[in-house]
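Student: Pasting a predicted model and its sequence here:
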Amino acid sequence: MSTATEDKHSAALDAAESGATQHVTFRLRIRRFNPEQAAEPVWVDYELSMDPKEKLLDALHKVKWEIDGTLTFRRSCAHGICGSDAMRINGKNRLACKTLIKDVLGKPKNGVYKPITVEPIKGLTVLKDLVVDMDPFFQAFRDVMPFLVAKGNEPTRERKQSIEDRARFDDTTKCILCAACTSSCPVFWNDGQYFGPAAIVNAHRFIFDSRDDAGEQRLEILNEKDGVWRCRTTFNCTDACPRGIQVTQAIQEVKRALITRRI
Amino acid sequence: MPAGTMYRGREGMWSWVAHRVTGVLIFFFLFVHVLDTSLVRVSPEAYDTVIATYKNPVVNLMEFGLVAAILFHALNGLRIIAVDFWAKGPKMQRTMLWSVVVVWVVLMLGSIYPVLQHTIHQLFGKG
């Protein structure tokens, strides 16, 4: 049952319907690398004229589709769910599909905007342009057994859980494995052996799940020298997470569970 | 491969950098401190001679720097302990950091005269 709202047009709706967009001209400064052409990456500037309300991913598409088809980057859903397009935009890890151009454009000086820099995420080997080798990242993820382990007393229907027990690990279920957190961590940059925030977040999701029986085993894995104790609480991961997960807090909860041996 | 631009971390990252730097500075001080104190075992005179060379404005300024490093490292260390052991720590980390900075500034202002009085008297005479 809907009531007619056609006679109640707001100014914003009028503007949207008129199709008028305010284009701005800015430069996208992309760190490009092609191992078949040069041993070192180079910065390349692209001048674009776009609506600043569009996403940074749209700007990358514009470069790839209209200026230089060799630009290489990962993206899939383009709506912040698949986690493919984590990259370093103006020095910070973000998802290109969840970043609006206007939010990274800054203020113009004498009518000219500072270029928006786009780089691959740090700490993983760059394969080409913005594409990095994600294998070490996913290996750390696999190592913490990110799946439900339950033995005995198999219920005939679903495994029941109270609202409180479910809330315990709610925050860490949001992870989309984009690697924005792990590749923002100074400890991970210096030593890729560290499990990294994303793997710990996904271990946390099962350690604190009342239906799971392998919490002790996961805690032992994270008690190793490349586990949670490498965390130096720089909070870069928490700031970088596009899903707003309190990553450092999750890591601290795992540390405390290891000390008190209570889940 | 050149690393590209520097990662633009926020307060948390910079407090970690400052914690590292002050920690290394304090380590080097302790290294020298153990050496000069152990001179007492060689001879009390040798110890006195070495300590006397410290009584100049340059070393005095370094002592002030040492106070700055130790105060920051100690106060931020308490913050890190709170982040580790206090359930609300991670949420309050930014507030705690700015509290650390405020307390640090107050203590540094208070330590100017006690630490630098030797140099102040030497340079400006006794008032």
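Tutor: Thanks, I have it.
Student: If you drop the residues flanking it in sequence, what lies closest to the residue of chain B found nearest chain A?
Tutor: Residue of chain B nearest chain A, by Cβ to the nearest Cβ: B:Gly12 (3.0 Å). All C-beta spots, glycine's among them, are computed from the backbone N, C-alpha and C. Closest residue to B:Gly12 apart from its sequence neighbours, by Cβ to Cβ, 6 or more residues apart in numbering or on different chains: A:Phe235 at 3.0 Å.
Student: A:Thr234 and B:Arg20 touch, don't they?
Tutor: No: applying Cβ atoms under 8 Å, one finds A:Thr234 not in contact with B:Arg20, separated by 10.4 Å.
Student: Which of the helices or strands spans A:Arg29?
Tutor: Element membership for A:Arg29 (DSSP states H and E) is strand A:24-32.
Student: quick one: strands adjacent to that strand?
Tutor: strand A:42-50 (antiparallel), strand A:116-119 (parallel) (DSSP bridges).
Student: on that earlier part again, which one's more surrounded, A:Thr234 and B:Arg20?
Tutor: More crowded of A:Thr234 and B:Arg20, by other Cβ atoms under 10 Å in any protein chain shown: A:Thr234, with 23 against 13.
Student: That one in helix, strand or coil?
Tutor: Using DSSP: H, G, I helix; E, B strand; the rest coil, the structure places A:Thr234 in coil.
Student: Run through the residues that contact it.
Tutor: Contacts for A:Thr234 (Cβ atoms under 8 Å, 6 or more residues apart in numbering or on different chains) come out as A:Cys185, A:Pro186, A:Val187, B:Gly9, B:Gly12, B:Met13, B:Ser15, B:Trp16.
Student: Quickly note the distance from it to A:Leu95.
Tutor: 20 Å (Cβ to Cβ, to the nearest Å).
Student: A:Ile245 should be in a helix, yeah?
Tutor: No: counting by three-state DSSP, A:Ile245 is not found in a helix; it is coil.
Student: which residues does it contact?
Tutor: Applying Cβ under 8 Å, 6+ apart, we find A:Ile245 in contact with A:Asp171, A:Thr172, A:Lys174, A:Cys175, A:Cys181, A:Val201, A:Thr238.
Student: Could you rerun that using 10 Å?
Tutor: Neighbour list for A:Ile245: A:171-176, A:181, A:197-198, A:201, A:204-205, A:237-238 [criterion: Cβ atoms under 10 Å, 6 or more residues apart in numbering or on different chains].
Student: Quick check on it: phi, psi?
Tutor: Main-chain dihedrals, A:Ile245, degrees, to the nearest 10: phi -70, psi 140.
Student: before we move on, back to that, out of the contacts of A:Ile245, which end up buried?
Tutor: Buried members of these, scored by 16 or more other Cβ atoms under 10 Å in any protein chain shown, are A:Asp171, A:Thr172, A:Cys175, A:Ile176, A:Cys181, A:Pro197, A:Ala198, A:Val201, A:His204, A:Arg205, A:Cys237, A:Thr238.
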